[in-house]
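Peer 1: compute the structure for the input listed below.
(chains A and B)
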Amino acid sequence: MSDATLAAALAAERISAGYHRRTVLDDLSVGITRGTVTALVGPNGSGKSTLLKTLARLLQPHTGTVYLDGRAIARMPTATVARMLAVLPQGPTAPAGLTVAELVEQGRYPHAGPLRMLRRQDHIAISEALALTNTAQFADRPVDSLSGGERQRVWLALALAQATPILLLDEPTTFLDIGHQIEVLDLVRSLNRNHGKTIIMVLHDLNHAARYADRMIALRTGQIIADGPPVAVLTPTLVERVFGVRATVLIDPITGAPVCLPYGVVSQGEPAPC
Amino acid sequence: MNRRARVVLASGSLLLMVLVVLHLGVGSVSLTPGEVLRAVLDQADQPLHRQIVWDLRLPRAMIAIVAGALLGLAGALLQAIMRNPLAEPGLTGVSAGGVFFAVLWLTRGGTMAEPGRTLALVALAGGLAASGLVVLMARGPSGNTDPVRLVLAGVLVSSILSSATALVLLRNNQALGSILTWMIGSLNGRVWVHWEALWPWAAFALPVGLLCAGVANALQLGDPIAAGIGVPVERARLALLAIAALLAASAVAAVGAVGFVGLIGPHLTRRLVGDDARCVFPGSAVLTAVLLVGADVAAQIITLNPPFATTPYRAGLPVGAVTALLGAPFFLYLLRRSGS
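Peer 2: Numbers count the residues shown, from 1 in each chain, chains lettered A, B, ... in the order given. Presented below is the predicted three-dimensional model:
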């Protein structure tokens, strides 16, 4: 184990991972620095979700090891991991009759004491999670009765109620309109800036990734193609290499983040530039 | 527990008590509620009343309550862990396995009447063995049991065991009559010896099942969320499945394969209290007990006043026939109402 792996909040060392016999990630290593926002980007099937799931121990790597605070995550009790790391997977569904309060309360599962009664710190964490995600007004409504955007915020509240230093989000803005997308991403940033949380998220939108992340990791066919601050990663060459799309990259005059404007697809016959 | 759940539990318990008094009063000697209460409190008007209530009807009523609670809790547990509203105790293979073992034992010289304890143990073993088989069959290539495969394996094992039961019965058709009521599920002739075979299992399985509500809540959010909040998903699902199988098998061992109540009881409960397992579990136990006791009252009334037959059902109408006859239309009604 390298010193970098020991120092990282979350690290993968030479992992290969996938589903059944199909390998999606191949011999990949990455370390996530404490207190940063990292965005995983890449085309469909590039392995970004697989990497997130493997880091969150939802998926066992075929080979290699994931380290949480320098300890092998697979050998830690899963409830201990759940007090350090929360994960919001893609497209979760709740039973139709569950209320928002009952759902968010589940985030306290790894903290529960004997008899699973809610204690004072649990109530505080739940109301904080509801307030942060602006969902307190729905507390007594069934999750089923909410709109897609409201529902996504409620699931985020569940993860926040876990009160963990590390938060992993798999496409947290999917199915949201642009206003709710920005709302969720602003919340994510404030969780990082004001609460010191380490955040790793899979994002589809390159411009969102560039604007909200300290570090972008671009994947293609299970390997890391580029890794660094957005200005270094989001370049025309890289967008073409990773996504097969020609694009202009400008600098947003307000935020200073690079902005990518795609204008065409690289045709099949052309050799991919390297 | 939310307010609706407390109201449902309180009124369900009250309704259960009323039904039990009715249940104790119904039979070839009909007793008024007042006579029943005096007999229960050992101040019967006639010695015969005390004898009827204490020796014949009380054990039957108590078995109905506990078997209903066991089936309801088993159904609620299964619906939560399989994330499937159609899950019911029969789906674990428990009913078919219990009946198959019981039928095998009965056709090989065992008796129905005495000792009730041995037959119950045989049925219990059969139920647990069948549910073990279901889990083994549901294991996928990576060794985990996802809910859909569990449901499929349950259906398969149940139908294989039911056919096996039919084959055994066809070769030994002299036993058919007595075994048929066992397959439908019946409370006829249940006395203290049957109660003694039932209560130790129930005293263990019911509290353990109720304590599983927290884990069940996590599992019904789906595997990724459950794993994310720190539930060892695979182990938890197997443990809950085993408890559901034990609950259902204890009930089947006592009353046979009573259908539908284990499906309808939890459904009705969730409609009233929502989907939080901590409310659904105790609610299902109480409301399913209400359904089974109510169905047995109906079965006995129909036995005494047969609507279509000129001769009464000599052996008594099995309660399982009533739960299926009344249960299926009621279920349809629920489905139609939820559609509008």
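
Peer 1: contact partners for the closest residue to residue A:101 other than its chain neighbours?
Peer 2: In this structure, residue A:101 finds its nearest non-sequential neighbour in residue A:139, 4.3 Å apart by CB to CB, 6 or more residues apart in numbering or on different chains. Quick note: C-beta positions are derived from backbone N, CA and C, even for glycine. By CB atoms under 8 Å, 6 or more residues apart in numbering or on different chains, residue A:139 lies in contact with A:99, A:100, A:101, A:130.

Peer 1: now for the first one, how many residues are close by?
Peer 2: It stands for residue A:99. Using other CB atoms under 10 Å in any protein chain shown, residue A:99 has 22 neighbouring residues.

Peer 1: cool, residue A:175 as well?
Peer 2: Using other CB under 10 Å, residue A:175 has 14 neighbouring residues.

Peer 1: surely it and residue A:148 touch.
Peer 2: Yes: using CB atoms under 8 Å, residue A:175 makes contact with residue A:148 at a distance of 4.6 Å.

Peer 1: does any bit of the helix or strand hosting residue B:264 sit next to chain A?
Peer 2: For residue B:264, the element it lies in under DSSP states H and E is helix B:261-273. Yes: using CB under 8 Å from any CB of the partner chain, helix B:261-273 reaches chain A at B:270, B:271.

Peer 1: so what does that helix touch, helix or strand wise?
Peer 2: Where contact means 3 or more CB pairs under 8 Å, 6 or more residues apart in numbering or on different chains; DSSP states H and E, helix B:261-273 is packed against helix B:3-25, helix B:58-81, helix B:277-304, helix B:319-339.

Peer 1: could the ones you listed go into CSV alongside mean neighbour count, distance to chain A and mean pLDDT?
Peer 2: Formatted as CSV, the helices and strands packed on helix B:261-273 follow (neighbours: other CB atoms under 10 Å in any protein chain shown; distance: least, CB to the nearest CB, whole Å; pLDDT from 0 to 100):
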stretch, mean neighbour count, distance to chain A, mean pLDDT
helix B:3-25, 17, 10, 94
helix B:58-81, 28, 8, 94
helix B:277-304, 26, 8, 93
helix B:319-339, 16, 10, 78
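
Peer 1: out of the ones you listed, which gets nearest to residue A:72?
Peer 2: Of all these, it is helix B:58-81 that lies closest to residue A:72, at 29.3 Å by CB to CB.

Peer 1: list the buried residues for the host helix or strand of residue B:243?
Peer 2: Applying DSSP H and E as the criterion places residue B:243 in helix B:233-255. Buried residues in helix B:233-255, counted by 16 or more other CB atoms under 10 Å in any protein chain shown: B:233-234, B:236-237, B:240-255.

Peer 1: SS state for the residue in the stretch 1-150 of chain A that chain B sits nearest to?
Peer 2: Nearest residue of the stretch 1-150 of chain A to chain B, counting by CB to the nearest CB: residue A:82, 3.0 Å away. Put simply, residue A:82 is helix when judged by DSSP: H, G, I helix; E, B strand; the rest coil.

Peer 1: what's the local residue count around the closest residue to it other than its chain neighbours?
Peer 2: Nearest non-adjacent residue to residue A:82, counting by CB to CB, 6+ apart: residue B:230, 3.0 Å away. Residues near residue B:230, counting by other CB under 10 Å, number 21.

Peer 1: again, but for residue B:106
Peer 2: 20.

Peer 1: looks to me like it is in a helix.
Peer 2: Yes: counting by three-state DSSP, one finds residue B:106 located in a helix.

Peer 1: I figured it hits residue B:119, correct?
Peer 2: Yes: contact criterion CB under 8 Å: residue B:106 and residue B:119 qualify, at 7.5 Å.

Peer 1: poorly predicted segments of the stretch 101-250 of chain B, please.
Peer 2: Low-confidence segments of the stretch 101-250 of chain B, defined by pLDDT under 70: B:109-116, B:142-143, B:174-175, B:178.

Peer 1: cutoff 80 now
Peer 2: B:106-120, B:140-146, B:172-183, B:189 (pLDDT under 80).

Peer 1: for it, which residue gets nearest to chain A?
Peer 2: Closest approach between the stretch 101-250 of chain B and chain A, counting by CB to the nearest CB: residue B:230, at 3.0 Å.

Peer 1: contacting residues for that residue?
Peer 2: Counted by CB under 8 Å, 6+ apart, residue B:230 has contacts A:78, A:79, A:80, A:81, A:82, A:83, A:109, A:110.

Peer 1: export those as TSV, with columns for pLDDT, neighbour count and distance to residue B:83.
Peer 2: Below are the contacts of residue B:230 laid out as TSV (pLDDT from 0 to 100; neighbours: other CB atoms under 10 Å in any protein chain shown; distance: CB to CB, whole Å):
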residue	pLDDT	neighbour count	distance to residue B:83
A:78	94	19	20
A:79	93	15	22
A:80	94	14	26
A:81	96	25	23
A:82	96	24	20
A:83	95	17	26
A:109	93	25	17
A:110	93	22	21
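
Peer 1: grab the nearest non-local neighbour of the residue sitting nearest the centre point of chain B.
Peer 2: Residue closest to the mean C-alpha point of chain B, counted by CA atoms, centre = their mean, is residue B:71 at 3.1 Å. Among residues not flanking residue B:71 along the chain, residue B:262 sits closest, at 3.9 Å (CB to CB, 6+ apart).
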